[in-house]
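# I'll drop the sequence and a predicted model, then ask my questions.
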Amino acid sequence: MTNPSPYYIEFTPPNVFASLIDAFWCFSTPDAAIQSSDSIQYRVLPDGCMDLIFQYERSLNGGINNPQLTVYGSTDRFSLFDIKPVTEFVGIRFYPGMAGQFLNLNAIEVFQQEVKAQDCSEPFGKIFDQLCECNSIIQALGTLQTSLLELQRVNSGDDIPLPTREALRLISSSKGQMPVSQVAETIGVSERTVRRGVTAAVGLSPKVLARILRFQNTMSRLRSPAPSDLCSIALECGYADQSHMAREFQQLAGLTPTAFMP
């Protein structure tokens, strides 16, 4: 792990994407790190989402090398990535189940996989070429946003069944605390229908998705300026007790809950 700290910035998506995209984001390193040959180890945590990511290595003259446009499927565990200091990332994080509005893919098949976006949908070949002509992160973000607007116009249909969309809304709005049985009862369908629809859209079963969203909500609570005691947070976020929360954090993040406290 190298000394210079990487930076990660999120951008709120335009209103037209508000129900589909959680955030546009970028990840880079300080300019001083370009001279370093050490890698940065970065921990990526599960969030129930898919990401479309353009990554490249920037050169001293401002050019880009080894560009890649990749779809990262949903995952149920943390990953550690060794990143060269010269590498930059520009990404889009789709809400659970919403990536299919833009990408022609099978969410189950790309679970914990990385695939070239060009292999998912033909238009991404053109988008990749446009991204390779960008000379800054901001320009690449603008190119991605414009490209998605065009894709949304072309792919105007909604192939997510209404019960699945409602199930995703309930699981997300409850921050993973609504049982699958209650989700099914509220929608008026069987639990099997909920499981089949959510798994097909997200690549995760509704139970696993709920577990991850509960973890994400708890992590946010822990990071607040004045968090409650661990026991109270555990109970308020839907865990049986503090030990249950600790076990979940070890499995999903490889860290204890206290690692996320200020």
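Arrived safely.

# from now on I want contacts and neighbour counts done on CA atoms only, so please keep to that.
Will do.

# and the helices in this protein?
Secondary structure of the chain by DSSP state H: the helices cover 117-120, 123-132, 137-154, 162-173, 180-187, 191-202, 206-222, 230-236, 242-253.

# can you redo those as a markdown table with distance to residue 262?
Output for the helices of the chain, formatted as a markdown table (distance: least, CA to CA, whole Å):
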| stretch | distance to residue 262 |
| --- | --- |
| helix 117-120 | 37 |
| helix 123-132 | 37 |
| helix 137-154 | 29 |
| helix 162-173 | 26 |
| helix 180-187 | 33 |
| helix 191-202 | 32 |
| helix 206-222 | 8 |
| helix 230-236 | 13 |
| helix 242-253 | 17 |
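
# so which of the ones you listed is nearest residue 11?
Of all those, it is helix 137-154 that lies closest to residue 11, at 9.5 Å by CA to CA.

# just checking, what packs against that closest one?
Under the contact criterion of 3 or more CA pairs under 8 Å, 6 or more residues apart in numbering; DSSP states H and E, the helices and strands touching helix 137-154 comprise strand 87-94, helix 123-132.

# CSV please, covering those and showing mean pLDDT.
Putting the helices and strands packed on helix 137-154 into CSV (pLDDT from 0 to 100) gives the following:
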stretch, mean pLDDT
strand 87-94, 94
helix 123-132, 93
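
# let me know which of those is tucked in deepest.
Mean neighbour count (mean count of other CA atoms under 10 Å) peaks for strand 87-94 among these, with a mean of 23.

# who does it pair up with?
Strand 87-94 has its sheet partners listed here by DSSP bridges as strand 21-28 (antiparallel), strand 50-58 (antiparallel).

# kindly export the last one (C-alpha atoms) in CSV.
Extracted as CSV, the C-alpha positions of strand 50-58 are listed here (Å, rounded to 0.1, in the frame of the first residue of the first chain):
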residue,chain,number,x,y,z
MET,A,50,-23.9,-2.9,-10.9
ASP,A,51,-21.3,-0.5,-12.1
LEU,A,52,-20.2,0.6,-15.6
ILE,A,53,-16.6,1.7,-15.3
PHE,A,54,-14.2,3.4,-17.7
GLN,A,55,-10.6,3.0,-16.4
TYR,A,56,-7.3,4.0,-17.9
GLU,A,57,-3.7,4.8,-16.9
ARG,A,58,-2.8,8.5,-17.4
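
# which outside residues touch it?
Strand 50-58 is contacted by residues 64-74, 86-96, 99, 117, 131 when judged by CA atoms under 8 Å, 6 or more residues apart in numbering.

# how does the protein divide into domains?
If the domains of the chain are taken from automatic domain parsing, they occupy 7-154, 162-254, with pieces of a single domain joined by a plus sign.

# give the contact list for the closest residue in space to residue 105 that isn't next to it in sequence.
Excluding its sequence neighbours, the residue lying closest to residue 105 (CA to CA, 6 or more residues apart in numbering) is residue 120, at 5.6 Å. By CA under 8 Å, 6+ apart, the residues touching residue 120 are 103, 104, 105.
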